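Asks: pasted the sequence and its predicted model underneath.
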Amino acid sequence: MASQPVPLLVKNGLLFDGERRRFRKGDVLLAEGRIARIGEALEPPAAGQVLDVADRLVCPGLVDLHLHCYFRGQVLGIDADALAPAAGTTTFVDAGSCGALTFLGFREYVIRPAVARILAFLNISAIGLQSVGIDRNEVGENDDERLLHVAAAAEMIDKNRDLLVGVKVRMYTGLRSLAPLIRAREVADLTRLPLMVHIASGMPPFREMLPLLRPGDIITHIYHGGSDALLDERGRVREEFAEARARGVLFDVGLDRVHTDFEMARRAIAQGFDPHFLSTDLTTSNRHVTADMPTTISKFVGLGLTLEDALAKSTLAPAAALLLLAHEVIVVDELVAVRNQQVRRRALHTDADHDLVVLAQLAHER
């Protein structure tokens with residue numbers, strides 16, 4: 001994000017308090033690269049700028065916990081820098097595009113020069129998703145168990161802890177065994193990082209994965225359809241998913257274009273089984289329908305979440321789960337977003353460093 005060169009007063013915004021899940025009207029003064037003051041009817045800065053946001057939302061910068069952005073390095077990777085300005089998103093977390101053999105290229109040629117902040121889960125397969133994305137000719141990265149190399153993955157994480165935030169394993173339909181999850185569990189335990197586990201219909205069933213999950217691990221595509229889905233044939237939450245949640249396992253949307261059954265999501269949310277995180281699972285194959293985080297938030301407000309909860313699940317919750325410490329301020333036509341340095345508060349506060357970027361589109365009527 002580009003740095004803010006002169007003092008800026010953001011006036012008349014609806015400031016989002018992520019902890020209390022509420023908005024309050026107020027102003028935010030940015031000066032010398034920091035949030036200098038928060039309050040009501042603040043005086044404009046001398047030789048500075050004033051932005052009247054007229055009751056638009058002022059909230060933490062959005063965190064997309066699950067997308068694929070190894071741009072030009074893997075066929076599904078989108079360009080995070082091109083997406084960020086229109087998406088109000090300040091942090092992108094790549095969900096396993098790369099493994100131990102491919103992460104350094106991602107780091108050097110995508111993450112390092114990027115303006116957007118990019119973090120990543122390391123795929124347990126050494127090749128990451130390099131074999132994935134060719135229509136009707138797909139070979140899954142876990143089909144060859146020789147690529148599930150624990151030592152190589154653990155070493156790569158230890159050398160790149162500034163960017164790698166967890167271990168990703170795709171337990172996709174048709175896997176012959178739990179070996180990918182078992183190996184991923186070993187790496188997560190060795191590195192003391194969470195797992196992100198992709199689930200789908202069919203074998204292997206979720207109930208067999210449950211003993212390998214720990215508190216803080218993340219299950220993604222929680223509202224996938226088909227067999228072995230979250231809801232049983234009576235439309236009730238299956239016992240194994242309720243047990244996982246009670247044990248501290250976390251649940252992520254991972255929206256995509258095929259991994260979310262909206263009716264299942266609506267019914268599950270009505271039963272109190274809402275996701276801990278909203279995320280897009282954006283790729284080059286779904287960009288035209290999944291769009292971005294604001295669109296995903298809007299969809300889940302339509303499915304039963306309050307706007308306040310949806311924003312918290314897109315800011316406070318993923319930041320706390322990944323212990324994100326940096327932050328930015330972004331100004332949008334209908335949104336001003338501030339990602340807080342204090343993870344546990346995740347609300348506007350004074351004396352925080354920031355970057356500034358002017359964005360174009362995110363509408364919401366209250």
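Replies: Good, I have the coordinates.

Asks: now the strands: where do they sit in the stretch 201-350 of the chain?
Replies: Along the stretch 201-350 of the chain, counting by DSSP state E, counting those that start in this stretch, strands occupy 218-220, 250-252, 329-331, 335-338.

Asks: look at Phe23 and give its secondary structure.
Replies: strand (DSSP: H, G, I helix; E, B strand; the rest coil).

Asks: count of neighbours near it?
Replies: Using other Cβ atoms under 10 Å, the number of residues around Phe23 comes to 19. Using the backbone N, CA and C atoms, a C-beta is placed for each residue, glycine as well.

Asks: in what helix or strand does the residue lying closest to it once chain neighbours are set aside lie?
Replies: In space, and not counting its chain neighbours, Phe23 is closest to Leu14: 4.2 Å by Cβ to Cβ, 6 or more residues apart in numbering. Applying DSSP states H and E as the criterion places Leu14 in strand 8-17.

Asks: max-length helix in the protein?
Replies: Looking across the chain with DSSP state H, the single longest helix is helix 179-191.

Asks: mind saving the C-alpha coords of that helix as PDB?
Replies: Only the C-alpha atoms of helix 179-191 are listed here, as PDB (Å, rounded to 0.1, in the frame of the first residue of the first chain):
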ATOM      1  CA  ALA A 179      -1.700 -40.400   4.400                       C
ATOM      2  CA  PRO A 180      -1.800 -36.700   3.200                       C
ATOM      3  CA  LEU A 181      -3.500 -35.600   6.400                       C
ATOM      4  CA  ILE A 182      -1.200 -37.800   8.500                       C
ATOM      5  CA  ARG A 183       1.900 -36.200   7.000                       C
ATOM      6  CA  ALA A 184       0.500 -32.700   7.200                       C
ATOM      7  CA  ARG A 185      -0.300 -33.300  10.900                       C
ATOM      8  CA  GLU A 186       3.400 -34.300  11.400                       C
ATOM      9  CA  VAL A 187       4.600 -31.100   9.800                       C
ATOM     10  CA  ALA A 188       2.100 -29.000  11.700                       C
ATOM     11  CA  ASP A 189       3.200 -30.500  15.000                       C
ATOM     12  CA  LEU A 190       6.900 -30.100  14.200                       C
ATOM     13  CA  THR A 191       6.400 -26.400  13.200                       C
END
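
Asks: now it: buried residues?
Replies: Of the residues in helix 179-191, Pro180, Leu181, Arg183, Ala184, Arg185, Glu186, Val187, Ala188, Leu190, Thr191 count as buried by neighbour count, 16 or more other Cβ atoms under 10 Å.

Asks: and which of those residues is nearest Glu32?
Replies: Set against Glu32, the nearest of the buried residues of helix 179-191 by Cβ to Cβ is Thr191 (37.9 Å).

Asks: phi, psi for the one residue sitting closest to the centre of the chain please.
Replies: Central residue of the chain (Cα atoms, centre = their mean): Leu65, 1.3 Å from the mean position. Leu65 adopts backbone torsions of phi -70, psi -10, taken as degrees, to the nearest 10.

Asks: show me what contacts it?
Replies: With contacts defined as Cβ atoms under 8 Å, 6 or more residues apart in numbering, Leu65 is in contact with Val93, Ala95, Ile218, Asp252, Phe277, Leu278, Ser279, Pro318, Ala321, Leu322.

Asks: what's the answer for Gly248, then?
Replies: Contacts of Gly248 by Cβ under 8 Å, 6+ apart are Arg214, Pro215, Gly216.

Asks: ok, of these, which one's closest to Asn160?
Replies: Nearest member of the contacts of Gly248 to Asn160, counting by Cβ to Cβ, is Gly216, at 19.9 Å.

Asks: tally up the residues packed near the closest one, please.
Replies: By other Cβ under 10 Å, neighbour count at Gly216 equals 14.

Asks: confidence score at the closest residue to it other than its chain neighbours?
Replies: Of all residues not flanking Gly216 in the chain, Pro194 sits nearest, at 4.7 Å (Cβ to Cβ, 6+ apart). We have a pLDDT of 95 for Pro194.
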